[in-house]
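Novice: heads up, no residue letters with this:
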């Protein structure tokens, strides 16, 4: 008997066992559940959490001898693609490959999806030959065949001559509201946000210029131009975003802030919306806040082993202040939340004051600042201290008053976390002194400063060895024959030809030892203060070098974010 025939006669459970998707005990438990309550084995295994949908589908494909396809080797033919509209292909996750003797070969991530099969058969009036492909490959192939949803919709709008009414003057609130409710505008705005989320973007920038309305996504810290919407839709798009963000659409000449709760297939996301007036209209930035980021643990941040253990030990201090420093967008808030998650206990009263509250933390009292109503960091911090807290997080120390209260709180038995905008760890001490805080207070209260940056990770799909410039290595205190192999990304479709995919942190942890306290007290220079940290102190550039030598990022990326050389 052939191997195909054997697979056809092999029970689904045995195929999953052979693929190591489940264990023998899990199969026995699922079979007992099935015997008691009925149902299909594949569904039972998923319901019990023993196997995921992909593994079950893959096993069913093998069992029923459904063909598979390589979409890079056999791209879809134009006559077949024309049989199914882009909207249907996207909705049902199907891609027509070829029409052979009246039979339509159809790529599917789930060839057992009866609804998709019925809808496609009814639409095309063809006999179907479903073939299996991985969902990721299928989605990419659909985008290649039809173009992305946003690009496709924009192309349709550019070809449409019926939109002249959208070009009317936009100085009347009722007219702006009417424009914003146009189905075309609603769908386009939704698609822009959806595609930004799918692309792992952290921000969406909508920028008006004289003859074009630009849309950019910030992915892994870098801006990428997307297909620009028609210029005549500028007022409508702006009004739509301001309405759903709770802004005043009639006010177009002052900055505004708003917030959107947006549902995506991956769950609910928060969007912070900010507008500023420019000479060609309102520029809008939407910050995408993925709530799963608040679930990061300290072990996930990328802190090196020794620094991680030192930092965890510091978090056990009953009082003192810990500062996280770095520029905007360097991941400071994520680190602070990971720190709070690390020390969280029902026995501790933890309160934060933030501008704004980016993520909701279970069991933590979070206060958003509200300058319009007189609630600023300093006033909020005073109120927090009357709430008998054990741990306090201040979103940012911006002035002397907030710094003074934070430090005196740390001296009176509270554990305080906060952030500063400085270039390195010792820069935080100089910044506090510049604010007017007495050095002896800083030396007595400060436990540690953690400086950080985010660097892009090398794309694993196009990673290749590279020889870095020896002069650059020497500037970083190393040499080319140090035995390390360095890598870079060549650029591929998985990383949008950038060579990078995802980000990680590089860090510098300054622990306030007795020697550092002495250096603070005598107002030592930055270089003297760094020297007082001892031989175990690892500068941020060195941490970046080590991660580049480990093949995680590139030397050029480390230099870019640390501004070295």
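Specialist: Now that the structure is in, tell me what you want to look at. Source: prediction; values computed, not measured.
Novice: For stretch 29-49, measure first residue to last.
Specialist: Its start and end residues considered, stretch 29-49 measures 11 Å (C-alpha to C-alpha, to the nearest Å).
Novice: Show me how far it is from its chain's centre.
Specialist: 36 Å (C-alpha atoms, centre = their mean, to the nearest Å).
Novice: Residues in contact with that stretch: which ones?
Specialist: The contact list for stretch 29-49 (C-beta atoms under 8 Å, 6 or more residues apart in numbering) reads 11-13, 16, 22, 26, 50-53, 56, 59-60. (Each C-beta comes from the backbone N, C-alpha and C, glycine too.)
Novice: Just give me the closest of those residues to residue 494.
Specialist: For the contacts of stretch 29-49, the closest approach to residue 494 (C-beta to C-beta) belongs to residue 52, at 21.6 Å.
Novice: element containing the closest residue to the closest one other than its chain neighbours?
Specialist: Among residues not flanking residue 52 along the chain, residue 46 sits closest, at 6.9 Å (C-beta to C-beta, 6 or more residues apart in numbering). Here residue 46 sits within helix 41-47, counting by DSSP states H and E.
Novice: Pull out the buried residues from that helix.
Specialist: 41, 42, 44, 45, 46 (16 or more other C-beta atoms under 10 Å).
Novice: Just give me the closest of those residues to residue 373.
Specialist: residue 46 (49.3 Å).
Novice: Can you give me the distance of that closest one to residue 136?
Specialist: 19 Å (C-beta to C-beta, to the nearest Å).
Novice: for residue 125, same thing?
Specialist: Applying C-beta to C-beta to residue 125 and residue 136 gives a distance of 30 Å.
Novice: do residue 193 as well
Specialist: Residue 193 is 21 Å from residue 136, by C-beta to C-beta.
Novice: how about residue 320, phi and psi?
Specialist: With angles defined as degrees, to the nearest 10, residue 320 sits at phi 120, psi 180.
Novice: ok, now which ones touch it?
Specialist: 314, 410, 415, 416, 445, 446, 447.
Novice: got the residues you listed as CSV, with pLDDT and secondary structure columns?
Specialist: Listed next are the contacts of residue 320 as CSV, based on pLDDT from 0 to 100; DSSP: H, G, I helix; E, B strand; the rest coil:
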residue, pLDDT, secondary structure
314, 93, helix
410, 94, helix
415, 96, strand
416, 96, strand
445, 95, helix
446, 96, strand
447, 96, strand
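Novice: mind putting those in a markdown table, distance to residue 206 and neighbour count included?
Specialist: Listed next are those as a markdown table, based on distance: C-beta to C-beta, whole Å; neighbours: other C-beta atoms under 10 Å:
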| residue | distance to residue 206 | neighbour count |
| --- | --- | --- |
| 314 | 42 | 18 |
| 410 | 42 | 24 |
| 415 | 41 | 25 |
| 416 | 38 | 26 |
| 445 | 44 | 22 |
| 446 | 41 | 24 |
| 447 | 42 | 17 |
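Novice: Output the buried residues of helix 41-47 as a markdown table; include the columns distance to residue 453.
Specialist: As requested, the buried residues of helix 41-47 are exported to a markdown table (distance: C-beta to C-beta, whole Å):
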| residue | distance to residue 453 |
| --- | --- |
| 41 | 50 |
| 42 | 46 |
| 44 | 48 |
| 45 | 44 |
| 46 | 41 |
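Novice: Looking at the residues you listed, spot the one nearest residue 493.
Specialist: Closest to residue 493, out of all of the buried residues of helix 41-47 and judged by C-beta to C-beta, is residue 46, at 30.5 Å.
Novice: quick one: which of the buried residues of helix 41-47 is nearest residue 456?
Specialist: residue 46 (35.4 Å).
Novice: Do you have the helices of the stretch 401-550 of the chain handy? List them.
Specialist: Shown for the stretch 401-550 of the chain, the helices assigned by DSSP state H, counting those that start in this stretch span residues 425-435, 439-445, 470-475, 514-521, 526-532, 540-549.
Novice: For residue 345, which of these is the nearest?
Specialist: Judging the helices of the stretch 401-550 of the chain by C-beta to C-beta, what sits closest to residue 345 is helix 439-445, at 22.7 Å.
Novice: packing partners for the closest one?
Specialist: helix 400-411, helix 425-435, helix 514-521 (3 or more C-beta pairs under 8 Å, 6 or more residues apart in numbering; DSSP states H and E).
Novice: Contacts for the longest one, please.
Specialist: It refers to helix 400-411. 319-321, 377-378, 381-382, 385, 392, 394, 397, 416, 418, 432, 435-437, 441-442, 444-446.
Novice: List the buried residues for that helix?
Specialist: Neighbour-count burial for helix 400-411 [16+ other C-beta under 10 Å]: 401, 402, 403, 404, 405, 406, 407, 408, 409, 410.
Novice: Also stretch 250-270?
Specialist: 252, 256, 258, 260, 269, 270.
Novice: Over to stretch 218-235?
Specialist: By neighbour count on 16+ other C-beta under 10 Å, the buried set for stretch 218-235 is 218, 219, 220, 221, 226, 227, 228, 229, 230, 233, 234, 235.
Novice: What is the nearest of those residues to residue 521?
Specialist: residue 221 (37.8 Å).
Novice: wait, doesn't that closest one sit right on residue 456?
Specialist: Yes. Counting by C-beta atoms under 8 Å, residue 221 does reach residue 456; the two are 6.6 Å apart.
Novice: shared neighbours of these two, anything?
Specialist: residue 503.
Novice: what kind of secondary structure is residue 233 in?
Specialist: helix (DSSP: H, G, I helix; E, B strand; the rest coil).
Novice: With residue 242 instead?
Specialist: helix.
Novice: And it, how close does it get to residue 180?
Specialist: 8 Å.
Novice: Ok, residue 376 next?
Specialist: Following C-beta to C-beta, the distance that separates residue 376 from residue 180 is 33 Å.
Novice: Please apply the same query to residue 211.
Specialist: For residue 211, the distance to residue 180 - C-beta to C-beta - is 23 Å.
Novice: neighbour count winner among these two?
Specialist: residue 180 (21 against 7; other C-beta atoms under 10 Å).
Novice: List the contacts of the more buried one.
Specialist: 186, 236, 239, 240, 242, 243, 249.
Novice: Can you tell me which of the residues you listed comes closest to residue 528?
Specialist: residue 242 (51.9 Å).
Novice: Please name the residues that touch the closest one.
Specialist: Residue 242 neighbours (C-beta under 8 Å, 6+ apart): 180, 248, 249, 256, 258, 273, 275.
Novice: Quick one: find the helix or strand in the chain with the lowest mean pLDDT.
Specialist: Using mean pLDDT, DSSP states H and E, helix 3-9 stands out as the lowest-scoring helix or strand of the chain, at a mean of 51.
Novice: Please name the bridge partners of the spatially closest residue to residue 225 that is not a sequence neighbour.
Specialist: Once flanking residues are discounted, residue 225 sits nearest to residue 216: 5.6 Å by C-beta to C-beta, 6+ apart. With DSSP bridges as the criterion, residue 216 is bridged to residue 205, residue 225.
Novice: how close does the closest residue in space to residue 549 that isn't next to it in sequence get to residue 469?
Specialist: In this structure, residue 549 finds its nearest non-sequential neighbour in residue 484, 3.9 Å apart by C-beta to C-beta, 6+ apart. Separation of residue 484 from residue 469 (C-beta to C-beta): 14 Å.
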